[in-house]
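Colleague: Mind looking at a prediction? Sequence and model below.
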Amino acid sequence: VQLVESGGGLVQTGGSLRLSCAVSGFTISSYAMTWYRQAPGKERELVAAIRSAGDSTDYADSVKGRFTISRDNAKDTVSLQMNSLKPEDTAVYYCNARQRGSGRQYWGQGTQVTVSS
């Protein structure tokens, strides 16, 4: 089982990045997919989540209107489009898969996003 995040990097304030999470070892169709982030010295926080069918999404207030989560169950991938980035978005971003009912969940290794002011 692997969740591999990519797309992180260094960007200036106001810029955009698109994170991707590629899953192998299981199919994501029955898993809710969530992006979390953790900044230095802070707790990990939920950024955006999408239900297994892709029919419902949820966002942290701090990213609403700027970030968009999407998924492709056929390709076992989930993405996070991040626009209008701010320095406070700087963090390691993690992909999480959680299966409702069984409680089974998996984490990726994280990808660093740094927004310079």
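Modeller: Perfect, I can see it now.
Colleague: Pick out the residue closest to the middle of the protein.
Modeller: Nearest to the mean C-alpha position of the chain, by CA atoms, centre = their mean, lies Trp35 at 2.7 Å.
Colleague: Any idea what it is bridged to?
Modeller: In this entry, Trp35 is beta-bridged to Ala48, Cys95, by DSSP bridges.
Colleague: That one contacts Asn96, doesn't it?
Modeller: Yes - the pair Trp35 and Asn96 qualifies as a contact (CB atoms under 8 Å) at a distance of 7.5 Å. Every C-beta, even on glycine, is put in place using the N, C-alpha and C of the backbone.
Colleague: ok, back up a step: pLDDT wise, what is the residue nearest to the centre of the chain at?
Modeller: Here, the pLDDT recorded for Trp35 equals 98.
Colleague: Please report the distance of it from Leu10.
Modeller: 19 Å (CB to CB, to the nearest Å).
Colleague: same question, Arg71
Modeller: Arg71 is 26 Å from Leu10, by CB to CB.
Colleague: So between those two, which is more surrounded?
Modeller: Using other CB atoms under 10 Å, the more surrounded residue of Arg71 and Leu10 is Arg71, with 23 against 12.
Colleague: What helices and strands are in contact with the helix or strand that contains the more buried one?
Modeller: Element membership for Arg71, per DSSP states H and E: strand 67-72. For strand 67-72, the contact count by 3 or more CB pairs under 8 Å, 6 or more residues apart in numbering; DSSP states H and E identifies strand 31-38, strand 45-50, strand 57-59, strand 77-82 as packing neighbours.
Colleague: Tell me who's in contact with the residue nearest to the centre of the chain.
Modeller: 19, 21, 46-49, 69, 78, 80, 93-96 (CB atoms under 8 Å, 6 or more residues apart in numbering).
Colleague: Most neighbours of all those residues, which one?
Modeller: The residue in those with the most neighbours, by other CB under 10 Å, is Val78 (31 neighbours).
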